[in-house]
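J.: have a look at this prediction, sequence included:
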Amino acid sequence: MKKLMILLAVLMLPYYGLVAGEGMWIPMLLKQLNEKEMKAMGMRITAEDIYSVNQSSLKDAIVLFGRGCTGEIVSDQGLMLTNHHCGYGQIQQHSSLENDYLTNGFWAMSREEELPNPGLTVTMMKKMEEVTAQVLEGVNDDMSMKERGEKISENSKALIEAAEKESGYQVAIKDFFIDNQYYMIYNEIYKDIRLVGAPPSNIGKFGGDTDNWMWPRHTGDFSVFRIYVGPDGKPAEYSADNVPFKPDYHLPISLNGAKEGDFTFVFGYPARTSEYLPSYAINLIAEVTNPPKIKLRETRLDIFSKYANADPKVRIQYASKHAGVGNYWKKMIGESKGIRRMHGIERKQDFEKEFMSWAKLENNNYQGLIPAFEQSYSELEKYNMAADYVREAGLGVELLSFAARFRSLSEVDKETADDKLQKLITSAQNAGESFFKDYHQPIDEEVAVALIAIYHAEQPVDFRPEFLNEIDNKYKGNTKKYVQQLFGKSIFTSEEAVSKLLQNFSYKDAKKILRDPAFEAYSSIHSFFDQKLRQPMQQLMAQNDSLQRLYMLAQMQMQPEKRFYPDANFSLRVTYGNVDGYHPADAVYYNYYTTLDGIMEKEDPNIYDYVVEDKLKTLYKNQDFGPYSNEQGEMPVAFVASNHTTGGNSGSPILNADGQMIGINFDRCWEGTMSDLMYDPAMSRNISVDIRYVLFIMDKFAGASHLIDEMTVIK
Ligand code: ARG
Ligand code: ASP
């Protein structure tokens, strides 16, 4: 290990500024930029094996799952793996009280039992090409921001049209390095995707929100799908006549696991990162906007939990809301802490000093950038805060965000066509149905009192929605009184009243919406956003984008010997690193893998997140692990490595030096979550479920060994 580190240190010298593990690289540039280093770190395959346009390669097995996750094909019959939390919506959709697949799991024992999911797609990248020169044709430095933007979209549109016609693929152009480079991406989109299997939630979501973003972790976060195509082998909408997709490549699976120090890489679709921001932006995120958002979310979560712990029905109603609010609540805490621990703002400031001296020396146009950032971020602060309060405090009250769904209906009049009105009514009815199914008014009322009080206290009188000022005028500042009348008088708290309103709704009823106190409060939030925030924010953000574009370019010119990687932008990327434990705090060390023993340690039949089923307990008691145990005879569950991942990488395969799949990525360690802004090799770790645990659950727990028979398993 030590030898390896020294070797690495030496190898890394010419690439100053980057550390092993950092970076999300463009697959088509791996050969040029990364292959040498990847091989030095232990990789035994070539860049061409990972990405090739001439022959089948690993990339042919990787897909964008839905719109926000990654999936990978693991058989020549189009069998695909992703995370349980990525397939959650589909699993839930097929669940009912009689067939509660979320709770009990689901396994199709034959192709006929696989369940279609209308609306779900997977997207496969066929190839990519750089088109910077074509996109920027006719663009020059004298153009205004607006002119520049218009020219770029005009060029892009023409290029896309031509490429789609010629190739038959769906084509997109994405910007890289903050509008400095452009790539054309050719995609094939598959539309018949069927659910094949999912473990019960107490495996797929073991540890729940308590363990979310945390290591050590014991979650079997996987689900199984299959891609179907028309009989001609081409993508097609669902049809009973469709057949399993035959991919150009499917990932082989290794049962050998990975050991400390081993080379690994993750291949998938990271969504968004911002690694090249100035210190002012880092300060705004980590110190200014995260803290109030954290506080507001915490307030909601505490109230949710109080009620959920007292009533199992409420727990189910608020489970998904809790997960949604809790996920980024926890992420923001980790991110701000991480930036502080890394002295992230100071680091950026030091760099900016260097940058200024360089700019001065080179006597170029870049000298004004840092002061311009200072100015624009200080202006942006007040707007960002106000917008955060709108989203997190105002619309954090369920009643107000539900009232918002009636906006279009409130605007109808005599002229509104019948069919349009009918559509609006139906959509409001649907909104009502799903709202009331999971609505518990006492929670929302308590949330409203708490959030509105914070909103009222924290935002300046002259820069907040009108309804907050009403609390001073009409209620002498008594938020509770205001909320009581709000909930007492609004029809939007009552399913009956809402359905009565929608029955035989005519344009004359629009005023019933307009006069409703919840709708009035929502309206005042909406007009505040519309009149005071939208336009200046758009302008400041556009200005920042254009500064950021120049700053990116300047950073690359200042450090010509540094290898830069573009921020994540939902395009296919490769990140690589080593299996590696870490020190989360002084005197504490976390080992790199967890086992079934840890599940039994956490087991608690009284805590929802830590229930373990008898069947799993029996397998554990008998140590009945089949061929899936590790060399020590343990059943491995999850492991960490230093791959630089982010949201969207969920479901991505983690592969070994031979390009064989050893796990499915699903999360990051809390201490390293500032990696979206700044990667720390000591703390940034991606978390994967070990593929041996996945196969063990399929085979030994669920009896679905027919799925494993389809795969290429290497022992
Ligand atoms: N933190 C992970 C990600 O950002 C997993 C989220 C789903 N799991 C959960 N317990 N809420 O997507
Ligand atoms: N859990 C994230 C996802 O769902 C992955 C991450 O942020 O590391 O994409």
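T.: Nice, thanks for sending it over. Numbering: from 1, shown residues only. Ligands and ions are numbered 1, 2, ... in the order given.
J.: please make it C-alpha for all contacts and neighbour counts, starting now.
T.: Will do.
J.: can you tell me the closest non-neighbouring residue to P116?
T.: Excluding the flanking residues, the one nearest P116 by C-alpha to C-alpha, 6 or more residues apart in numbering is R194, at 4.3 Å.
J.: quick check: the one you found is in a strand.
T.: Yes: looking at R194 with DSSP: H, G, I helix; E, B strand; the rest coil, it is inside a strand.
J.: start at 14, not 1
T.: Right, with 14 as the first residue, what we last looked at is R207.
J.: that one and ligand 1, how far apart?
T.: For R207, the distance to ligand 1 (C-alpha to the nearest ligand atom, to the nearest Å) stands at 21 Å.
J.: okay, now that residue: neighbour count?
T.: R207 has 24 neighbours, counted by other C-alpha atoms under 10 Å.
J.: who in the protein is up against ligand 2?
T.: Counting by C-alpha under 6 Å from any ligand atom, the chain comes close to ligand 2 at C82, T658, T659, G660, G661, N662, S663, F679, D680, R681.
J.: sorry, back to before: show me the contacts for the residue nearest to P129.
T.: Applying C-alpha atoms under 8 Å, 6 or more residues apart in numbering, one finds that R207 lies in contact with E127, L128, P129, N130, F238, R239, I240, Y241.
J.: the same query, at a cut-off of 10 Å, please.
T.: R207 sits next to 92-93, 103, 124, 126-131, 133, 237-241, 251, 257 when contact means C-alpha atoms under 10 Å, 6 or more residues apart in numbering.
J.: please convert the buried members of those residues into PyMOL selection syntax.
T.: A single PyMOL command is used to select the members of the contacts of R207 judged buried by 16 or more other C-alpha atoms under 10 Å:
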select buried, resi 92+93+103+127+128+129+130+133+237+238+239+240+241+251+257
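J.: any idea which helix or strand comes after the strand or helix carrying V184?
T.: Assigned by DSSP states H and E, V184 belongs to strand 183-189. On the C-terminal side of strand 183-189, the nearest following helix or strand under DSSP H and E is strand 194-203.
J.: how much space separates Q570 from D363?
T.: According to C-alpha to C-alpha, to the nearest Å, Q570 stands 18 Å off from D363.
J.: and what of D154?
T.: 29 Å.
J.: more neighbours, these two?
T.: The residue with more neighbours, out of D154 and D363, is D363; 13 against 7, by other C-alpha under 10 Å.
J.: and the more buried one, what's its pLDDT?
T.: What the model reports for D363 is a pLDDT of 98.
J.: residues contacting the residue lying closest to K628 once chain neighbours are set aside?
T.: For K628, ignoring the flanking residues on the chain, the nearest one in space by C-alpha to C-alpha, 6+ apart is F714 at 7.0 Å. Shown in contact with F714 (C-alpha under 10 Å, 6+ apart): P212, K628, L629, T631, L632, F638, V707, L708.
J.: go on, R80?
T.: R80 sits next to C99, L133, T134, V135, T136, Y282, A284, F583, G661 when contact means C-alpha under 10 Å, 6+ apart.
J.: and the residues you listed, which is closest to ligand 2?
T.: G661 (3.7 Å; C-alpha to the nearest ligand atom).
J.: give me the contacts around the one helix or strand S370 maps to.
T.: Taking DSSP H and E as the definition, S370 sits inside helix 357-375. Under the contact criterion C-alpha under 10 Å, 6+ apart, helix 357-375 has outside partners 289-296, 299-300, 349, 351-353, 356, 376-384, 564, 567-568, 571-572, 687, 690-691.
J.: how about 6 Å then?
T.: The contact list for helix 357-375, computed with C-alpha atoms under 6 Å, 6 or more residues apart in numbering, reads S292, Y379, Q380.
J.: what's the nearest residue to the last one if we skip its chain neighbours?
T.: Distances taken as C-alpha to C-alpha, 6+ apart place A372 nearest to Q380, at 5.4 Å, with adjacent residues excluded.
J.: how close does the one you found get to ligand 2?
T.: Computed as C-alpha to the nearest ligand atom, the A372 to ligand 2 distance reads 35 Å.
J.: one step back: quick one: name whatever helix or strand follows the helix holding S370.
T.: Sequence order places helix 382-402 as the next helix or strand after helix 357-375, per DSSP H and E.
J.: chain center to the next helix-or-strand element following that next one, what's the gap?
T.: Downstream of helix 382-402, the first helix or strand assigned by DSSP H and E is helix 411-417. Offset of helix 411-417 from its chain centre (C-alpha atoms, centre = their mean, to the nearest Å): 25 Å.
J.: contacts for helix 411-417, please.
T.: Contacts for helix 411-417 (C-alpha under 6 Å, 6+ apart): L408, A531, F532, Y535.
J.: what does stretch 211-222 give?
T.: For stretch 211-222, contacts defined as C-alpha under 6 Å, 6+ apart pick out H97, L115, T116, N117, G118, F119, T232, G233, D234, S236, D622, Y623.
J.: tell me who's in contact with the last one.
T.: This points to Y623. Contacts of Y623 by C-alpha under 6 Å, 6+ apart are G220, E616, D617.
J.: most neighbours of all those, which one?
T.: Busiest of the contacts of Y623 [other C-alpha under 10 Å] is G220, holding 24 neighbours.
J.: near the residue nearest to Q380, how many other residues are there?
T.: 18.
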